[in-house]
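A.B. asks: Just the structure for this:
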Amino acid sequence: MRRKLRKFLPDHDAIRNNRWLAPFENTLLHPRLWHINRRSAAGAVAAGMFCGLIPGPFQMLGAAICAVIFRVNLPLATLVTFYTNAFTIVPLYLVAFAIGQWALPGAHHEFVAPPEPGEDGLVAWVHALIDWMAGLGSPLALGLVLLATGLAVTGYFSIRLVWRIYLIRAWRQRSQRLAS
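C.D. replies: Residues are numbered from 1 along each chain as shown. Model (predicted):
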């Protein structure tokens, strides 16, 4: 499984030779950020799932920071954040809002669609997004944290389980080959 995932990862020389990443070379070239095993992959998926619900364009940055802090696979953590996109963000926020309303029984707000990025630029859209989130209040904020935590825990244990099943099957196939 490690060999299959390694095809998609950049090598150390690509990071070392990038002039924009040179100031962060000591941090970004830590071996645990690039090594793939069941712990680093599961942790990376958890970090990416949690940070995927960060509003705006800061999801990959959040996943990268979590990967550096927790020393899990950096490319996988940033890649997993792509589960949120233009098609999935509104349903995920609706689910988060519903979870937030369930967790806060006294809060009953109506859900309004998030603002679309317009011609005013990124800064104006971020301000509109912040105003939208503030208008929805605490049910959305709490729901996002609870949903992100639930997705991270589910992703972590799912990867650990899938990796374990893959290893058991590989061991059995190898023992059958050796026995025959």
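A.B. asks: How about the residue most central in space within the chain: what's its closest non-neighbour residue?
C.D. replies: Nearest to the mean C-alpha position of the chain, by CA atoms, centre = their mean, lies G48 at 1.4 Å. For G48, ignoring the flanking residues on the chain, the nearest one in space by CB to CB, 6 or more residues apart in numbering is V80 at 2.6 Å. (Each C-beta comes from the backbone N, C-alpha and C, glycine too.)
A.B. asks: neighbouring contacts of the helix or strand that contains that neighbour?
C.D. replies: Assessed by DSSP states H and E, V80 sits inside helix 74-80. Residues outside helix 74-80 that contact it (CB atoms under 8 Å, 6 or more residues apart in numbering) are 5, 8-10, 28, 33-34, 36, 40-41, 43-45, 47-49, 51-52, 60, 63-64, 66-68, 155.
A.B. asks: which other helices and strands contact the helix of greatest length in the chain?
C.D. replies: As assigned by DSSP state H, the longest helix anywhere in the chain is helix 138-179. Counting contacts by 3 or more CB pairs under 8 Å, 6 or more residues apart in numbering; DSSP states H and E, helix 138-179 is packed against helix 38-51, helix 89-103.
A.B. asks: now for the first one, which elements pack on it?
C.D. replies: Contact partners of helix 38-51 among helices and strands, from 3+ CB pairs under 8 Å, 6+ apart: helix 59-70, helix 74-80, helix 138-179.
A.B. asks: Please name the nearest non-neighbouring residue to L142.
C.D. replies: G100 (4.5 Å).
A.B. asks: let me fix that: M60
C.D. replies: Nearest to M60 is T78, by CB to CB, 6+ apart, at 4.6 Å.
A.B. asks: And for that neighbour, the neighbour number?
C.D. replies: T78 has 21 neighbouring residues, counting by other CB atoms under 10 Å.
A.B. asks: separation between it and G62?
C.D. replies: The spacing between T78 and G62, counted by CB to CB, to the nearest Å, is 9 Å.
A.B. asks: And L161, by the same measure?
C.D. replies: 25 Å.
A.B. asks: quick one, which of those two is more surrounded?
C.D. replies: G62 (19 against 12).
A.B. asks: Now do the same for the nearest residue to that one once chain neighbours are set aside: its pLDDT.
C.D. replies: Of all residues not flanking G62 in the chain, C51 sits nearest, at 3.8 Å (CB to CB, 6+ apart). C51 is assigned a pLDDT of 96 by the prediction.
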